[in-house]
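J.: Quick one, fold the following:
(2 chains)
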Amino acid sequence: MSYVKRKILAIQDGTYLLVNATRALVTPPRYYVDTLMQLDVIGVASLPIVLLVGFFTGAVLALQSYRSLERFGEVGILGQMVGLSVVLELGPVLTAVVMAGRNSSGIASELGSMLVSEQVDALRAMGTDPLRKLVAPRLYATLIMLPLLTILADFVALVGGYFIALTIAHLTTSQYWSSFYQNLDYHDITQGLVKPLMFALVVALVGCYFGLNTTGGTEGVGRSTTQAVVVSIVLIIILDFLITQFLIGIGFA
Amino acid sequence: MQQTDIAPAQEPQDQASIELRGVSLAFDEKLVLQGITFDVPHAGTAVLLGVSGSGKSVLLKLILGLLKPDSGSILVEGGDITPLSEQELNRVRKRMGIVFQEGALFDSLSVYENVSYRLREEGELGEEVIEERVRQMLGFVELEDAIYKMPSELSGGMRRRVAIARAMVSQPAIMLYDSPTAGLDPVTAHTINALIVKMRDVQHVTSIVVTHRVQDALMLSGFTYSAEEQGLRPVTSNNGGSQAAEQTQFLVLKDAGIYFRGDRQEILSAQDPYLRRFVR
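T.: Down below sits the predicted model:
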């Protein structure tokens, strides 16, 4: 099969996953317990690393920005600079990349292992649709948790920036936060929340796609896991550019 | 083996339970099965023999509707399943149980949850009835004590026995076994074979057993389950034999087709060098 044909088939399969997982939302049977478990596995368990990455990203961004702003005597806009960078770009993208590294790989390896050990066939043999039982709960959980984690990551990144603003830039609390707050508008917040929703589709569907298309036994599971992470991250970066360009194009940013 | 009060499967007797007509399947360029035709009567047993990669497991997946053939038709209890949608297939699958090669137990679920899975999915029974049925099935495979264990705590043989209990719990009319004794020691393999015989003779299910161990095949065709002795006894002309054991047919797959089809006596007396390699 040619390279182009394989890629077109992959897009078709991904669309099939998305359509059927969406259909599972409106028609029974629904797997609420599985979705709750995935909310825990995908969301709650990712919280520590997302917060850690968020805090230090905000801190290092503030540190670098302070050095540049100091030259122009504009240290007072540090809060605005850190805030907009975090809300518009770094928060959504870094959180999604962390989630891709942690969850696209986790989903791909779990589903891949189930596939090669015939557990997916066993599900079908017992009348269960694997798309409803395995894909839909992971997709819903990621769609719910990624935006929430992004909001938390944004907040701790701002706190990280605030820490640098206080200790190194010697700004006051109101200087830092008012600079951020006064320059943030609803378009920025919307943009910062639209992106995680799109990224969540990528994280969940890429993980499920590679997991459910695993071939070659346990070695294949490792390969699927790696591919899921790489493809997720690449798609997130490209999608980030496209969404930003689109929102600018329609005058939303 | 302990006696259980599991009801025999009800099935019309005037038609083949499973029938394949000219079934062919290829993966990309590789032809896996070509023109496969055979049938298994109600409560009959077919033993599929063949070397690794000869398409035995694929055949089971075709019968279960997990794969679709490129051509030919597969009839389950008289109905052609090849044109059916996944939802329609699920209704047919309710009549079937399968034991996968390694058991394919769900790692994240306990033995109880694994065995009860299908009943819970169907949603027709209350939890008390389900628990009673699960305990009964685990009693049938002599694993009552493992009910709350996780699959990772079980040995290979125990996993297969749980898989048999899981497949049996909905009282299917047709059981498919994919190499149920592969990789097991002779004692455990004997236990698994005894369970298959017991299933066949107590519940009168139609069975298709994939194996590459001819010892398994000979045991299935040479023994019958005795409720009085609560164990297996050899089929002899003196004890009236066993209709189920006598109905056991042997199929040998080779080069994507059926190389041999016959009964116990025919395969044992075959002079063909390829068949002799299996029987030896």
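J.: Residue numbers of the stretch 1-150 of chain A in contact with chain B?
T.: A:1, A:29, A:113-114, A:117-119, A:121-122, A:124-129 (C-beta under 8 Å from any C-beta of the partner chain). Glycine gets a C-beta too; all of them are placed from N, C-alpha and C.
J.: So which elements touch the one helix or strand A:P147 maps to?
T.: Element membership of A:P147, judged by DSSP states H and E, is helix A:136-167. For helix A:136-167, the packing partners by 3 or more C-beta pairs under 8 Å, 6 or more residues apart in numbering or on different chains; DSSP states H and E come out as helix A:3-26, helix A:32-38, helix A:47-72, helix A:78-85, helix A:91-99, helix A:173-182, helix A:186-212.
J.: next one: that helix to chain centre, how far?
T.: Its chain's C-alpha centre and that of helix A:136-167 lie 10 Å apart, by C-alpha atoms, centre = their mean, to the nearest Å.
J.: That helix relative to helix A:186-212, how many degrees between them?
T.: 130 degrees (axes from the mean of the first three to the mean of the last three C-alpha atoms, to 10 degrees).
J.: can you list the residues of the stretch 51-200 of chain B near chain A?
T.: B:61, B:64, B:66, B:86, B:90, B:93-94, B:96-98, B:100-102, B:104-107, B:117-118, B:121-122.
J.: Buried ones in stretch B:118-128, by neighbour count?
T.: Within stretch B:118-128, the residues scored as buried using 16 or more other C-beta atoms under 10 Å in any protein chain shown are B:118-119, B:121.
J.: Go through these and name the one nearest chain A.
T.: Nearest to chain A among the buried residues of stretch B:118-128, counting by C-beta to the nearest C-beta, is B:R118 at 4.5 Å.
J.: spatially speaking, which residue is in the middle of chain A?
T.: A:A96 (2.4 Å; C-alpha atoms, centre = their mean).
J.: So the residue lying closest to that residue once chain neighbours are set aside versus A:G54, what's the distance?
T.: Spatial nearest neighbour of A:A96, excluding adjacent residues (C-beta to C-beta, 6 or more residues apart in numbering or on different chains): A:F199 at 3.6 Å. Distance of A:F199 to A:G54, given as C-beta to C-beta, to the nearest Å: 15 Å.
J.: do the same with B:P186
T.: Taking C-beta to C-beta, one finds B:P186 at 59 Å from A:G54.
J.: Over to B:I36?
T.: For B:I36, the distance to A:G54 - C-beta to C-beta - is 59 Å.
J.: what about those two, which has more around it?
T.: The residue with more neighbours, out of B:I36 and A:G54, is A:G54; 27 against 24, by other C-beta atoms under 10 Å in any protein chain shown.
J.: how close does that one sit to A:L158?
T.: Counting by C-beta to C-beta, the gap from A:G54 to A:L158 is 9 Å.
J.: again, but for A:Y3
T.: 44 Å.
J.: And for A:P29?
T.: 42 Å.
J.: So those two - more neighbours on which side?
T.: The neighbour comparison of A:P29 against A:L158 (other C-beta under 10 Å) goes to A:L158, with 25 against 13.
J.: Using the three-state scheme, assign the residue of the stretch 151-253 of chain A found nearest chain B.
T.: Closest residue of the stretch 151-253 of chain A to chain B, C-beta to the nearest C-beta: A:T215 (10.7 Å). Applying DSSP: H, G, I helix; E, B strand; the rest coil to A:T215 yields a three-state assignment of coil.
J.: List phi and psi for it.
T.: Main-chain torsions, A:T215, degrees, to the nearest 10: phi -130, psi 150.
J.: what's the neighbour count on B:V187?
T.: 8.
J.: Revised request: answer the last question for B:S71.
T.: 13.
J.: shouldn't it be in contact with B:R21?
T.: No - B:S71 sits out of contact with B:R21 when judged by C-beta atoms under 8 Å, with a separation of 9.8 Å.
J.: State the number of residues packed around the closest residue in space to B:L143 that isn't next to it in sequence.
T.: Nearest in space to B:L143, with sequence neighbours left out and distances taken as C-beta to C-beta, 6+ apart, is B:R161 at 5.4 Å. Residues lying near B:R161 (other C-beta under 10 Å) number 26.
J.: which ones are touching B:R161?
T.: B:141-143, B:191-192, B:195 (C-beta atoms under 8 Å, 6 or more residues apart in numbering or on different chains).
J.: can I have the host helix or strand of it written out in PDB, keeping just the CAs?
T.: Element membership for B:R161, per DSSP H and E: helix B:156-168. Extracted C-alpha coordinates of helix B:156-168, given in PDB (Å, rounded to 0.1, in the frame of the first residue of the first chain):
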ATOM      1  CA  GLY B 156      -2.000 -20.000  32.800                       C
ATOM      2  CA  GLY B 157      -4.300 -23.000  33.400                       C
ATOM      3  CA  MET B 158      -6.500 -21.100  35.800                       C
ATOM      4  CA  ARG B 159      -6.800 -18.200  33.300                       C
ATOM      5  CA  ARG B 160      -8.100 -20.600  30.700                       C
ATOM      6  CA  ARG B 161     -10.600 -22.100  33.100                       C
ATOM      7  CA  VAL B 162     -11.900 -18.600  34.000                       C
ATOM      8  CA  ALA B 163     -12.100 -17.900  30.300                       C
ATOM      9  CA  ILE B 164     -14.200 -21.100  29.900                       C
ATOM     10  CA  ALA B 165     -16.400 -20.000  32.700                       C
ATOM     11  CA  ARG B 166     -16.700 -16.500  31.100                       C
ATOM     12  CA  ALA B 167     -17.700 -18.000  27.800                       C
ATOM     13  CA  MET B 168     -20.200 -20.400  29.400                       C
END
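J.: which residues touch stretch A:8-23?
T.: The contact list for stretch A:8-23, computed with C-beta under 8 Å, 6+ apart, reads A:1, A:129, A:131-132, A:135-136, A:139-140, A:201, A:205-206, A:208-209, A:212-213.
J.: mind checking the SS state of B:I18?
T.: strand.
J.: Likewise for the one 3 residues further on?
T.: Look at B:R21: counting by three-state DSSP, its state is strand.
J.: what about the closest residue to it other than its chain neighbours, helix or strand, and which?
T.: Leaving aside its chain neighbours, B:R21 sits nearest to B:S73 (4.9 Å; criterion: C-beta to C-beta, 6+ apart). Element membership for B:S73, per DSSP H and E: strand B:71-76.
J.: packing partners for that strand?
T.: With 3+ C-beta pairs under 8 Å, 6+ apart as the test, strand B:71-76 has strand B:16-27, strand B:30-41, helix B:56-63 packed against it.
J.: chain center to the helix or strand following that strand: distance?
T.: Remark: after strand B:71-76, the chain's next helix or strand is strand B:79-80, criterion DSSP H and E. Relative to the centre of its chain, strand B:79-80 is centred 20 Å away, using C-alpha atoms, centre = their mean.
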